[in-house]
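S.K.: Provided below for reference: sequence and predicted model.
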Amino acid sequence: MGRFSFPMAQGRAEALGEIHARPLALVGQSRVIFQLAFLTDGGAAVDHAVVAELARGRGVAVPGRESAHFAMGWGQGTLRWERHTEFSTYFWDAPAPERFGDHLDTHPFGDQFSPPGNLIAGIRLEVRPESPETQAALATFDPTSLCLSEVKDGQALIATDFRQDGDGLTRILVVDRGMTDAGRGAVVQRLLDIETYRTLATLGLALARTLSPEMRRIEDGLTKTTQSMKSGARENADSLLSEITELAAELEASAALSLYRFGASRAYYNIVRERIASLAETGQPGSETIGAFLEKRLAPAMRTCQSIEERQANLSRKLARTTALLRSWIDVELERQNSALLGSMNRRVKLQLRMQQTVEGLSVAAISYYIVGLFGYVAKPLDKLGLPLSSGVLSSLFVPIAIGFTWMMVRSVRKKHSLEDEAETVDGE
């Protein structure tokens, strides 16, 4: 069969590589695993610089700037780095110490490690074969929050109290009852995801608690404004509109701030629930499962975030309706003022028309007077010719003719201007 060489669709390489973006770590028997998750507020460049420094320190080739995951040997285990949207994780495994929870002198996260951001989740997970020592290790957990469950049809027992040890790491014990390396790796990855994402999901709760007093203040401000609208709203519409606009701006600013955080919390919460479901836990008498324990604590936090989002949406709609009502009142007031202004302009136009008509009448008399005067000058020499009519009589007889002629000329000019105005009006429409 010949070689296949077809044009590749754009994005095909990324789509095929996505299923290998998170390679599953194979976990052997009796291992201790550390995973730290750091918020990468400084950006991908800072995170890459930390990984590059670790690689150079071990004499390993530095990963590319576009790399999203990287692994290298460190001591008796492997250090794995993975970049996520707003955080990155550092995973390291090593042979488990003699007793559960014993201190390790050598690990990658000592004084030489420079974190790329603030720590958001830290986990110490130990995988140990079932023995009397592991049964004794169960007694080190806090019984008030101990979660104990079997997974993989009884091939493993998981124990954790979600408490932190002296290093600030959440302790998890996996008692191995015959899993394969791949099976142990799958269980370990799910447990690490659950602890990491449940911590990230609750970041929205802290923001919701911060926004709640501000939401109450905006709600009180809206109530005060709507009460003020019952009396004197038309007179104070401008000031009320200014207050409503200010409240709406504050609300939109807080909504924009919380939009990403609440959306991310929902996504992380869904991941936690998916990982818990994939564990397929079986409860132990007298203890809660991880799923039941976290659901009782995460669900109220997510409902609080949802409540703040719904309050923001409802407030936004109420502010929009109030703003529309105030604007309608302002528009009505403007129309009333415009109507009064147009009425005043009409009165002025009528007055100007009357004055114009008066001036036209006076202008006819004045022009006629000058025409008659000119005619008198012309007729005066006729007295020497001995005509039967004197120049004075001729001027008197010419007066009606002059007035009629002048009136007709003025009327003709006014009619011409009226026709021009009408033509301009039609063209404008």
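M.R.: Noted; the coordinates are in hand.
S.K.: the residue nearest in space to the middle of the chain: which element?
M.R.: By CA atoms, centre = their mean, the chain has its centre lying nearest to residue 256, at 3.4 Å. Applying DSSP states H and E as the criterion places residue 256 in helix 237-279.
S.K.: name the residues that touch the very next helix or strand once past that helix?
M.R.: Downstream of helix 237-279, the first helix or strand assigned by DSSP H and E is strand 282-283. Here strand 282-283 makes contact (CB atoms under 8 Å, 6 or more residues apart in numbering) with 148, 149, 150, 151, 154, 289, 292. C-betas here are computed from N, CA, C, even on glycine.
S.K.: how about JSON lines for those, with secondary structure added?
M.R.: Below are those laid out as JSON lines (DSSP: H, G, I helix; E, B strand; the rest coil):
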{"residue": "148", "secondary structure": "strand"}
{"residue": "149", "secondary structure": "strand"}
{"residue": "150", "secondary structure": "strand"}
{"residue": "151", "secondary structure": "strand"}
{"residue": "154", "secondary structure": "coil"}
{"residue": "289", "secondary structure": "coil"}
{"residue": "292", "secondary structure": "helix"}
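S.K.: give the buried subset of those as a ChimeraX selection command.
M.R.: A single ChimeraX command selects the buried members of the contacts of strand 282-283 (16 or more other CB atoms under 10 Å):
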select :148,149,150,151,289
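S.K.: show the model's pLDDT score for the residue nearest to the centre of the chain.
M.R.: In the prediction, the pLDDT value recorded for residue 256 is 82.
S.K.: same check, this time on residue 375
M.R.: As predicted, residue 375 sits at a pLDDT of 70.
S.K.: can you check residue 288 too?
M.R.: Predicted confidence (pLDDT) for residue 288: 91.
S.K.: my read: it touches residue 143, true?
M.R.: No - assessed by CB atoms under 8 Å, residue 288 is found out of contact with residue 143, at 11.2 Å.
S.K.: what about these two, which has more around it?
M.R.: Taking neighbours as other CB atoms under 10 Å, residue 288 and residue 143 compare with residue 288 leading, 18 against 10.
S.K.: which residues touch the more buried one?
M.R.: Contact analysis of residue 288 by CB under 8 Å, 6+ apart lists 146, 147, 148.
S.K.: try residue 56
M.R.: Residue 56 is in contact with residue 62, counting by CB under 8 Å, 6+ apart.
S.K.: report the buried residues of the longest strand seen in the chain.
M.R.: Counting residues, the longest strand in the chain under DSSP state E turns out to be strand 119-129. Residues of strand 119-129 classed as buried: 120, 121, 122, 123, 124, 125, 126, 127, 128 (neighbour count, 16+ other CB under 10 Å).
S.K.: sheet partners, orientation included, of that strand?
M.R.: Strand 119-129 has the following strand partners under DSSP bridges: strand 31-39 (antiparallel), strand 170-176 (parallel).
S.K.: contacts for the longest one, please.
M.R.: With contact meaning CB under 8 Å, 6+ apart, strand 31-39 is reached by 27, 47, 77, 86-97, 104, 107, 109, 115-127, 169, 188, 192, 196, 199-200.
S.K.: could you do stretch 100-108 as well?
M.R.: 32, 34, 54, 74-75, 79, 90, 92, 94, 97, 124, 126, 128, 133-134, 137, 140, 165, 171, 173.
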